[in-house]
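Chemist: Just a sequence and a predicted model for now, questions to come.
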Amino acid sequence: KQEVTQIPAALSVPEGENLVLNCSFTDSAIYNLQWFRQDPGKGLTSLLLIQSSQREQTSGRLNASLDKSSGRSTLYIAASQPGDSATYLCGATGGGNKLTFGTGTQLKVEL
Amino acid sequence: KAGVTQTPRYLIKTRGQQVTLSCSPISGHRSVSWYQQTPGQGLQFLFEYFSETQRNKGNFPGRFSGRQFSNSRSEMNVSTLELGDSALYLCASSLSNGELFFGEGSRLTVL
C-alpha cells in the first residue's frame, strides 16, 4: 500500500527566498507523481507532472524532481512571492488515476 | 477551454438523506475520478470511471456510488448520510498521460 509523506507540514519564509518542499513515498513502483497547490476553500491546481521515466520537470519558477530509488520528490520554488502562499500537495499513482496524496505543506510567504 | 465543473458548489443535508453531486470533465477527457477531502483524513480516493466503466475503487462503504455517462459527465451519490460524510468532494478529469485536473469541489455539510 502506497504511503506519501510531506515534510515540513508548515513553512513560513520571507519574500524572495528560494525553498524546497519534500515528498516521500513508500512504493517505488509509481507511474506518475504530480504536484498541486490548493488555496483555502478551493480545488487543486496542477503544478507539475513527473512521469516515471522522467527525473524532473520545470515550469517558470518551479522545478520538481523525482528519485524513485530513494522514494523522494522535491518541489523547488525560486524567488518566492506572497502569491505563492498556499498548501502544496504531492500525489503518487501506481497506475490509473488513483492518486495517493500526502497531507500537504502549508506555505506562507511574508512581505 | 473550460475546466472541470462541479455542481452544486455548496449544499447542506441532514443525517439519513442522500445526495448527488455532478462533475463535467474537460472536453476530450474520458477519465473522471472522485476524491473526498476532510481535515482529519486528508485527500482520499473514492473511485475512477473511464468510458462509463468503474476502473478503480477506494476503501469507502457501499453508500458511496458513482456513474459515468456516455458524454463523460459523472455523478456520485451518497446515501444515508452520516455526520462524518461532511467534506469537500473533488472531481478530477484526465487524458491518457494521467495528469489530473481538478474542479473547485462540492462542499457538503451534514447536520
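Modeler: Received, thanks.
Chemist: Quick one: end-to-end distance for stretch A:67-76.
Modeler: 14 Å (Cα to Cα, to the nearest Å).
Chemist: Please spell out which residues along it are buried.
Modeler: Of the residues in stretch A:67-76, those buried under the neighbour-count criterion (16 or more other Cβ atoms under 10 Å in any protein chain shown) are A:K68, A:G71, A:R72, A:S73, A:T74, A:L75. Where you see a C-beta, it was placed from the backbone N, CA and C, and this is true even at glycine.
Chemist: what's the answer for stretch A:25-38, then?
Modeler: A:F25, A:I30, A:N32, A:L33, A:Q34, A:W35, A:F36, A:R37, A:Q38.
Chemist: List, one by one, the residues from chain B near chain A.
Modeler: For chain B, the residues in contact with chain A (Cβ under 8 Å from any Cβ of the partner chain) are B:4, B:6, B:31, B:33, B:35, B:42-45, B:48, B:55-56, B:58, B:90, B:92, B:94, B:97-105, B:107.
Chemist: What about residue 23, how many residues nearby?
Modeler: By default, I'm working from chain A. Using other Cβ atoms under 10 Å in any protein chain shown, A:C23 has 26 neighbouring residues.
Chemist: meant chain B actually
Modeler: 27.
Chemist: so how far is chain B from A:N22?
Modeler: Separation of A:N22 from chain B (Cβ to the nearest Cβ, to the nearest Å): 17 Å.
Chemist: can you pull the contacts of that residue?
Modeler: Shown in contact with A:N22 (Cβ atoms under 8 Å, 6 or more residues apart in numbering or on different chains): A:Q6, A:I7, A:P8, A:R72, A:S73, A:T74, A:T105.
Chemist: TSV please, covering these and showing secondary structure and pLDDT.
Modeler: Shown next, in TSV, are the contacts of A:N22 (DSSP: H, G, I helix; E, B strand; the rest coil; pLDDT from 0 to 100):
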residue	secondary structure	pLDDT
A:Q6	strand	97
A:I7	strand	93
A:P8	coil	92
A:R72	strand	96
A:S73	strand	97
A:T74	strand	97
A:T105	strand	98
